[in-house]
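Asker: structural data only, the sequence is not supplied:
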Ligand SMILES: Cc1cc2nc3c(=O)[nH]c(=O)nc-3n(C[C@H](O)[C@H](O)[C@H](O)COP(=O)(O)OP(=O)(O)OC[C@H]3O[C@@H](n4cnc5c(N)ncnc54)[C@H](O)[C@@H]3O)c2cc1C
């Protein structure tokens, strides 16, 4: 069985600030981390590898420094890592990102592809399902438990608004995972030594034979017009009186501000 996990290197959002003049993210000096949801995707793949035996490749599309994130996953136990890096990929929106990642997945080959539910910077949750669409394979999103897995079937639990679904699928399949799925493991000493030495495979535009018009900014139909931090309102109203009085007053306040 071959598994690919897609990871994204993201700014550590606990420290992200917005430039109020340009309304863009201040990335300078902000440390990068592996998107937290993707750590759960890596752990899920390692669990399948431990259970069934599998070859696990971790894939990212990003600048050369994204190699650091890939080495972290090798230290956790991934077999191989691939960095999709090319100036032609710069400025990709979710369509172009998913299109390029899907071409790389096709190039490498996989029975199961695992993504995080969403990236904590872009936050769209579109890339995983879009990769599946480009590959013309089914996907199961919001996976919170792998119930069973064999070489020809996988059964998972997916989170829904009111409870969960249990879904069975036949590979090839793409999963997107949530944090409830597992607890990502620590890197081992053996893994860390391997991670230092391993050569990270790099793929470019030429390796994937993609059309120029589908790449990077040129291939991105989405246009970001503006980014801004929502205005924070700190007004507080303390409602006193009996439970009935408090409920009545709350309702009239909500009506006055057109919340109900
Ligand atoms: C016009 C435009 C220009 C942009 N330019 C830039 C830019 O120059 N630099 C920049 O950083 N962002 C840029 N972005 C944002 C960028 O497009 C998104 O961050 C990216 O497409 C992924 O979307 P997301 O972050 O919402 O991922 P989500 O859909 O929320 O991610 C879901 C999952 O998909 C996988 N995934 C997502 N991205 C990757 C990746 N790159 N490699 C591997 N796996 C991945 C991960 O498993 C992740 O958990 C731009 C966006 C637009 C619309």
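Answerer: Received, thanks. Please read these numbers as outputs of a predicted model, since none were measured by experiment.
Asker: isn't residue 36 up against residue 119?
Answerer: No. Applying Cβ atoms under 8 Å as the test, residue 36 and residue 119 come out as separate, 9.5 Å apart. Bear in mind the C-beta positions are built from the backbone N, C-alpha and C, glycine included.
Asker: ok, the two, which is more surrounded?
Answerer: Ranked by neighbour count (other Cβ atoms under 10 Å), residue 36 and residue 119 place residue 119 first, with 24 against 16.
Asker: which residues of the stretch 151-260 of the chain lie near the ligand?
Answerer: Contact residues (Cβ under 6 Å from any ligand atom) of the stretch 151-260 of the chain with the ligand: 220, 222, 223, 224.
Asker: so where do the strands sit in the stretch 151-260 of the chain?
Answerer: Listed in chain order, the strands of the stretch 151-260 of the chain (DSSP state E, counting those that start in this stretch) span residues 153-160, 163-169, 173-177, 201-203.
Asker: most tightly packed of these?
Answerer: Of all the strands of the stretch 151-260 of the chain, strand 173-177 carries the top mean neighbour count, a mean of 26, counting by mean count of other Cβ atoms under 10 Å.
Asker: for residue 149, which non-adjacent residue is spatially closest?
Answerer: Excluding the flanking residues, the one nearest residue 149 by Cβ to Cβ, 6 or more residues apart in numbering is residue 48, at 5.5 Å.
Asker: for the helix or strand encompassing that neighbour, which outside residues touch it?
Answerer: Assigned by DSSP states H and E, residue 48 belongs to helix 36-52. Contact with helix 36-52 is made by 1, 3, 5-8, 34, 54-56, 58, 73, 76-78, 112, 114-120, 143, 146, 149-151, 175-179, 181-185, as judged by Cβ atoms under 8 Å, 6 or more residues apart in numbering.
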